[in-house]
Structures are given as structure tokens and as C-alpha cells.
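Engineer: Here is a sequence with its predicted model. Questions after.
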There are 2 protein chains.
Amino acid sequence: MTHAKPLAQYMQEVAQRVEMELDRLLPSGQTQPGIIHEAMRYSACNGGKRLRAMLTLEAAGLLHGNGEAALPLAAAIEMIHAYSLIHDDLPCMDDDDYRRGKPTNHKVFGEGIAVLAGDALLTQAFVVIGRLPELTGISAALTVQVLAEVATAIGSTGLVGGQVADLQAEGADPGDNAFAMLQYIHTHKTGALFRCSLRTGGLLGGLTPAQLVAVDEYAEQFGLAFQITDDVLDQIGSAEALGKAVGSDDRSRKLTYPRIFGLARSQQMAREAVEKAQTALEPFGSHAARLIELAQFIVERDH
Amino acid sequence: MTHAKPLAQYMQEVAQRVEMELDRLLPSGQTQPGIIHEAMRYSACNGGKRLRAMLTLEAAGLLHGNGEAALPLAAAIEMIHAYSLIHDDLPCMDDDDYRRGKPTNHKVFGEGIAVLAGDALLTQAFVVIGRLPELTGISAALTVQVLAEVATAIGSTGLVGGQVADLQAEGADPGDNAFAMLQYIHTHKTGALFRCSLRTGGLLGGLTPAQLVAVDEYAEQFGLAFQITDDVLDQIGSAEALGKAVGSDDRSRKLTYPRIFGLARSQQMAREAVEKAQTALEPFGSHAARLIELAQFIVERDH
């Protein structure tokens, strides 16, 4: 299927709709205590690419071609993403001063408020999930399924588990189990939320369990391609495009694909993952067109 | 109604059941990554009083006299309580080295893991709520109601909001709005979770909206009595009984009831709140006996 709109325009428009939805679903900066809502909005409403939200919306449209009803869920997932970035950037974690070219949350609001802003964004995502029947008309039964998917994906054996492994790997010499460790970190820290975005979108879109298996395969390969590309960009990208110090992963001796496999082999691995991701969605025909484009996009992006 | 069991024995037995339920509902220390599950269990399975769990169980039994089915929900609420304590104790918040006489989570596991253990406990509470239909046989519709109650109670306009106000009040001179600020902090930081424990227990126990209003009144007065007593104990209690430095609230110039009203008037206010709490539950007759005893207990405790 050919789209009238180029991918860049599509992505910009979706990002705007997600931004508006976040604005609608987050308490305003006037709501007391104002500082926490300012801090939440600083990190959640920051004009990011909204990849996860797009995955949710597109997965929700795989059967019928329109997943717009999943917009509140997509916004909730972006709240979770924002929470994880705020906490990852803390001095006691990755200790980053900049994120997307802007000072990180704790640099602006202080560490205490940053911890609480992350906590509150995570919690607000569950507030929104609890409102899905009212906001999107889905059943309570489906809402509970979405809740279970999300909470399991981002807990101690999912997203948080990946961050724990990342924290422990920092400064460690890559030994015999370096690749297993690298894979664990990526499939959990980044992959779990991609997979959750797609699966919960798919659930809202009425996918069968068998169809969700195809979505899982796409998710896995998409996540892999994304992370390899992130590692590659950190190695070769420009500081300006990335909005953070280039080579920072290397300096802290983090495990990365280029460190283990070299640059050329890493780039080849990313391309292979994209092909597998695209193949997985063939059964959905033209409704999968944007997801197929998005997989291509993530290995071709420059930031 | 007279109970065969004295309150102390009842409390000990309930605390044991809650501890076992937490053990059942938290991943084991052998689950990878082991360190995060050890850290979660260190703070969640620590033999606390389990007041919040008791409130949930007793509220669930107000109509029919047995709220045992609410045990998984009660454990989920204790996970949330444990998360809030871990984050409150962080150096960037209250900076406490001890909690209940034991080193705080970050003193044992480091700040990074402590932040993540709090995140994971909060998330695990939502995993458990998502499993309530399976664990307790309640409907998906009721589960969504519980989810909404919990998430709203503990977010940026609830528990987290209270912690934000507490953080901002620290070191501030108590001015004209000192009492309003004090009340905001207590009703949010401590009161919101007490109220949520009671209301969600009541929801599981089949209370009508009118009956939940009575429970709300109990919750409000219980929370007030609890916090005044905490402030009073900090002023007069012994370091041994409290497991933390006495007078620490005073040293950091935090707003407290004794600071504003003096000790005697504060104690009187706590007793009045207990009476109001007890009056609110009169319509439930003998099924409210333990909640009435618990309200008395919290102003008479010495730690």
C-alpha cells in the first residue's frame, strides 16, 4: 500500500496528536502542587519522536486500518517512557545532564522532585489505564488485560530489570557472558516497552492470540534493530544530532554492539532484524505499511 | 462485640498472614536480576505493623464480617507503602539512614537499586491488582474501580503530592499558612493511602457509595490521629522504640502538630479524631469492632 503522506509528515502529525493527548491527560501546571506537574510535563510533553505511541496506534489499527481509539493508551505508554528516562538520568543511575539537548529533569527541578515526577508519571499512566473504559469505550475485561500486560512488562522482570542489569554491567569488563548480558539489558530495558506498546495496541485493536504472536516477533526484531542502531549512533553520531555527549557509552565502558561485534557487523545485524520484523507483519497486508516503514526508519535515523 | 482475641494477638496474626501473602506475590530472590528482588523484599517483607493491610481487610469485612478475600489487595497496598518509604528515605528526600531500626534500602543496596526497588514495588502492586479477578474472584469491573481508586490516591495529587509538599516545606519557616500546609502534607502523604486502603477494601466487601462515605470519614479522622501521634512520639518518644533519631523532625524544622499547637493540645486533638473515627463506623455494628480498636491503638502506641 502506498501512503499519500510521506513517513516524516505522518510521524510529525502523530507526535502532535500524542502531545495534545498528554496535555489533556496530565494535570496542568496550575494543579497543586504546581512544581510536580511542571516537572512531569517538562519530561513528558517534550516533543519527542513518540515511537512507542506510534507502535500502539499502528498495532491497534492492524485489523481495521484505524487505531486512533488507542490514543489515551498510547499517551499512557509515553508517560511510562518519560518516567523511565527521568529515573535513568538520575545521578545515582546513568548521571546524565542532558536529554534530547535539554537539561535533564533533576538538573532543572532537583533530584527529589525528579524522583517524584518519575513516580507520578508512572502512577498517572495507571490512572489513564483505569479510565480506558470511559475514554475509549473498551470493556473492563480488556482493560484488566491491558493493565496486566503493562504492569508485567515494566516491572522487576521487565523494564526495571533491564535497568538493574544495565546498572550492574556499568564498569564491568565484558567477559564470556558479555553478549548474554547485552541481550538481557536490551530486551528488557528497551524491548519490553516496545513489545508492550505493540501488544496492548493489538489487544485494543482486537487481535487474536495467534496474531499477537506475529506482533511479538515484530516487536522483538524492532527492539533489537533499535538498540543496535542506538549503539552505532553513539559510536559515530554527532553530538548535536543526539543531544548528548558522543561516546558516553564507551567512556563508561558500557556493553554495546559495536564494542562486541564491531561497527560493520552491527549495522548488518540491524538490517537483518528489520527484515525479520517486516516479514512478521506480512499477514496483515496493507494495514501494516506504517509499522514496516517505522522499522526501516529506526535503522536509518541519525539520532 | 467482644473479641476472644486481644488486639495485640489479632494484629500479630494478621501481620503474619500479610507477610506470607507478600512472600507469595513478590518474585523470589532467585528470580533474575536477584539483587532487585532482594531489595524489594528487604523493604516489603520486613515485619512491619501492616496497619494499611489491616484497614483493607477490616473494611472488606464490614458488611459480612470476613474480609479475608481482600488479602492480595492488602498485600499490594503494603507494596505501595514500602515503595513510598524507600523513596522517602533517599538522600535527595528525607535522607534517612535507618527505618524501623534497620539500615534503609539505599544504605544496603545503594541509591540506584533503591530507586529501582521502589519503582518495581509500585509496579508489582499494579501487577497484583491486574490479577485480582484470578486471585480473589472479583469482576473485571470491580478490578478497574480498585485500580482507579489506588492510582488516583497515590499520584501527584495524592501520596506523591504530599511528599512534594513535605519536601518543599522542609527548612521553611512556618508562616501564616503553616497549618494549611501541615494539613495538606498529612492528608496526602499519609492520609491518602489510609483512605485508599479502606475504600478499596470496602469496594471488595460490597459497600454502597453511602457506606463508603462513612468509611471516608473514619479514614480522615484515623489519618489525622495517626499523624498527630507520629509528631507527638517524635517529640517525646524514645529513640529505641522508634528506631530512628528522636527529634529529627524538629531538627530539620519540619512542620509538626506539637510545633504549632504544643504537646498537650496535640494529644487532645488526636483523641478527638479517634472519637470521630469511631462514631463514623457505628452503623456497621459489631463488624466494625476491630477498626474501632485500631483507631484507639494508633493514639496509644509508643512507636
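Structural biologist: Sure thing, it's come through.

Engineer: how much distance is there from the host helix or strand of A:Ile77 to the middle of the chain?
Structural biologist: Element membership for A:Ile77 (DSSP states H and E) is helix A:71-89. Using C-alpha atoms, centre = their mean, to the nearest Å, the mean C-alpha position of helix A:71-89 is found 8 Å from that of the whole chain.

Engineer: do stretch A:25-41 as well
Structural biologist: 23 Å.

Engineer: if we can go back for a sec, at contact distance from chain B, anything in the helix holding A:Ile77?
Structural biologist: Yes. Using C-beta under 8 Å from any C-beta of the partner chain, helix A:71-89 reaches chain B at A:His87. (Each C-beta comes from the backbone N, C-alpha and C, glycine too.)

Engineer: Going by neighbour count, list what's buried in that helix.
Structural biologist: Of all the residues in helix A:71-89, those buried under the rule 16 or more other C-beta atoms under 10 Å in any protein chain shown are A:71-89.

Engineer: helices or strands next to the helix or strand hosting A:Met11 in the packing?
Structural biologist: Secondary-structure element containing A:Met11, defined by DSSP H and E: helix A:7-25. Under the contact criterion of 3 or more C-beta pairs under 8 Å, 6 or more residues apart in numbering or on different chains; DSSP states H and E, the helices and strands touching helix A:7-25 comprise helix A:51-60, helix A:71-89, helix A:289-300.

Engineer: State the mean pLDDT of the shortest one.
Structural biologist: Confidence over helix A:51-60 (mean pLDDT, whole number) is 98.

Engineer: Could you list the alpha-carbon positions for that helix in CSV?
Structural biologist: Output of helix A:51-60 as CSV, limited to C-alpha atoms (Å, rounded to 0.1, in the frame of the first residue of the first chain):
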residue,chain,number,x,y,z
LEU,A,51,7.8,5.9,18.6
ARG,A,52,6.1,3.9,21.3
ALA,A,53,2.9,5.7,20.9
MET,A,54,3.0,5.1,17.2
LEU,A,55,3.6,1.4,17.7
THR,A,56,0.5,1.3,19.9
LEU,A,57,-1.7,3.2,17.5
GLU,A,58,-0.5,1.2,14.4
ALA,A,59,-0.9,-2.1,16.2
ALA,A,60,-4.4,-1.1,17.2
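
Engineer: ok, A:Ala141 - how many residues close by?
Structural biologist: Residues lying near A:Ala141 (other C-beta atoms under 10 Å in any protein chain shown) number 15.

Engineer: per-residue confidence for it?
Structural biologist: According to the model's per-residue confidence, A:Ala141 sits at a pLDDT of 98.

Engineer: What separation is there between it and chain B?
Structural biologist: A:Ala141 sits at a distance of 4 Å from chain B (criterion: C-beta to the nearest C-beta, to the nearest Å).

Engineer: Skipping its backbone neighbours, what lies nearest that residue in space?
Structural biologist: If you skip the residues right next to it in sequence, A:Ala141 has B:Ala140 as its closest partner in space, 4.2 Å away by C-beta to C-beta, 6 or more residues apart in numbering or on different chains.

Engineer: before we move on, back to that, the helix holding A:Ile77 to helix A:51-60, inter-axis angle?
Structural biologist: Using axes from the mean of the first three to the mean of the last three C-alpha atoms, to 10 degrees, the inter-axis angle of helix A:71-89 relative to helix A:51-60 is 150 degrees.

Engineer: ok, A:Phe194 touching A:Arg52?
Structural biologist: Yes. Contact criterion C-beta atoms under 8 Å: A:Phe194 and A:Arg52 qualify, at 6.6 Å.

Engineer: out of these two, which sits in the busier spot?
Structural biologist: Looking at A:Phe194 and A:Arg52 with other C-beta under 10 Å, you find the greater number of neighbours at A:Phe194, namely 25 against 21.

Engineer: Would you map the strands across the stretch 51-200 of chain A?
Structural biologist: In chain order, the stretch 51-200 of chain A shows strands spanning A:98-99, A:102-103, with DSSP state E, counting those that start in this stretch as the criterion.

Engineer: which one of these has the most crowded surroundings?
Structural biologist: strand A:98-99 (a mean of 18; mean count of other C-beta atoms under 10 Å in any protein chain shown).

Engineer: can you list the strands of the stretch 51-200 of chain A in a markdown table and add mean pLDDT and distance to B:Gly130?
Structural biologist: What follows is the strands of the stretch 51-200 of chain A, written out as a markdown table (pLDDT from 0 to 100; distance: least, C-beta to C-beta, whole Å):
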| stretch | mean pLDDT | distance to B:Gly130 |
| --- | --- | --- |
| strand A:98-99 | 94 | 30 |
| strand A:102-103 | 96 | 34 |
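
Engineer: For A:Ile36, find the nearest of those.
Structural biologist: strand A:102-103 (17.6 Å; C-beta to C-beta).

Engineer: Note down every partner strand of the closest one and its orientation.
Structural biologist: In the sheet, strand A:102-103 lines up against strand A:98-99 (antiparallel) (DSSP bridges).

Engineer: Write out the residues of the stretch 151-300 of chain A neighbouring chain B.
Structural biologist: A:151-152, A:154-157, A:160-161, A:163-165, A:167-168, A:184.

Engineer: What is the most widely separated pair among those?
Structural biologist: A:Ala151 and A:Gln168 (23.3 Å).

Engineer: These two: which has the busier surroundings?
Structural biologist: When A:Ala151 and A:Gln168 are compared on other C-beta under 10 Å, the one with more neighbours turns out to be A:Ala151, at 25 against 16.
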